[in-house]
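Participant: Provide a 3D model corresponding to the input given below.
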Amino acid sequence: MKQPPVIAIDGPTASGKGTISLSVARELGFDCLDSGALYRVVTLLALRRGIDPSDAARLAEVARSACPRFQSGRIELDGEDLTEAIRAESVGRAASSVAAHAPVRDALLQSQRAFRRWPGLVADGRDMGTVVFVDAVLKVFVTASPEVRAQRRLKQLMEKGYSANLDDLLQDLRERDERDRNRAVAPLKAADDAYQLDTSSLSVDEVVGQVLAWYRALPQN
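Facilitator: The predicted structure follows:
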């Protein structure tokens, strides 16, 4: 039987892939997977339990045992709403290191693939098109300049009432990019057959419109 279609949207931190993925999924009536949230849940639990971010074996145990629920844009685990907690900058910084461990990525691989169901899935992350869903019907790699991404992150944090420094955010983004691009397992890169889209000067609507146009132009559509 033909599998449900997957649109894989990859890109670096604060490139807008999460917002884009949600909008595309809503337009098509597809489910949406925020793979980064899974790594952030593992990281948050590890931090709470005092597990060293370099302890790959214990982190993998956490990854295998954690079964968060995604519903209406919220993330719950054992009755606790973790939606805001996993978005803390401290969790994001640590998650980049946690996600570099092969045992953690292996532990979460099947969890991510289990999100694939009818009528379809939009999956965002850093290796959706290169590792998790290599047979995705559409692969998109979105990016933006570090300066634009830092400005976006600053705006997000300020809207949520958090204080932040633009220079610190810019430095953090560059360090995360370096770790993500150079990790030994599933490094951040565009799939060979991915469309590449720089969102620096584009609105969300323009980007979403382009992704939808690419999808609707596929032969089966």
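
Participant: quick one: least confident helix or strand in the protein?
Facilitator: Scoring the helices and strands of the chain by mean pLDDT, DSSP states H and E places strand 69-71 at the bottom, with a mean of 81.

Participant: quick one, what contacts residue 179?
Facilitator: 96, 97, 100 (Cβ atoms under 8 Å, 6 or more residues apart in numbering). For the C-beta atoms, the positions are set from N, CA and C on the backbone; glycine is no exception.

Participant: Quick one: distance of the least confident helix or strand of the chain to the chain centre.
Facilitator: 15 Å (Cα atoms, centre = their mean, to the nearest Å).

Participant: Which residues outside it are in contact with it?
Facilitator: Residues contacting strand 69-71 (Cβ under 8 Å, 6+ apart): 33, 34, 37, 75, 76, 77.

Participant: Surely the fifth one touches residue 68?
Facilitator: So that's residue 76. Yes - using Cβ atoms under 8 Å, residue 76 is in contact with residue 68, at 6.5 Å.

Participant: which of these two has more neighbours?
Facilitator: Between residue 76 and residue 68, counted using other Cβ atoms under 10 Å, residue 68 has the larger neighbour count: 20 against 14.

Participant: what's near enough to touch that one?
Facilitator: For residue 68, the contact set (Cβ under 8 Å, 6+ apart) comprises 37, 38, 41, 75, 76, 77, 82.

Participant: helix, strand or coil for the fifth one?
Facilitator: When classified by DSSP: H, G, I helix; E, B strand; the rest coil, residue 76 comes out as strand.

Participant: so how far is residue 169 from the nearest residue to it once chain neighbours are set aside?
Facilitator: The shortest distance from residue 76 to any non-neighbouring residue, by Cβ to Cβ, 6 or more residues apart in numbering, is to residue 69 (4.7 Å). Residue 69 sits 30 Å away from residue 169 when distances are taken as Cβ to Cβ, to the nearest Å.

Participant: sorry, back to before: common neighbours of residue 76 and residue 68, please.
Facilitator: In the contact map built from Cβ under 8 Å, 6+ apart, the residues linked to both residue 76 and residue 68 are residue 82.

Participant: tell me the centre residue of the chain?
Facilitator: residue 125 (3.1 Å; Cα atoms, centre = their mean).

Participant: Was I right to think residue 29 contacts residue 122?
Facilitator: No - using Cβ under 8 Å, residue 29 is not in contact with residue 122; the gap is 10.5 Å.

Participant: between the two, which one's more packed in?
Facilitator: The neighbour comparison of residue 29 against residue 122 (other Cβ under 10 Å) goes to residue 122, with 31 against 8.

Participant: The more buried one belongs to a strand?
Facilitator: Yes - applying three-state DSSP, one finds residue 122 inside a strand.

Participant: Please type out the PyMOL selection for whichever of the contacts of strand 69-71 turn out to be buried.
Facilitator: Selection command for PyMOL covering only the buried members of the contacts of strand 69-71, criterion 16 or more other Cβ atoms under 10 Å:
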select buried, resi 33+34+37+75+77
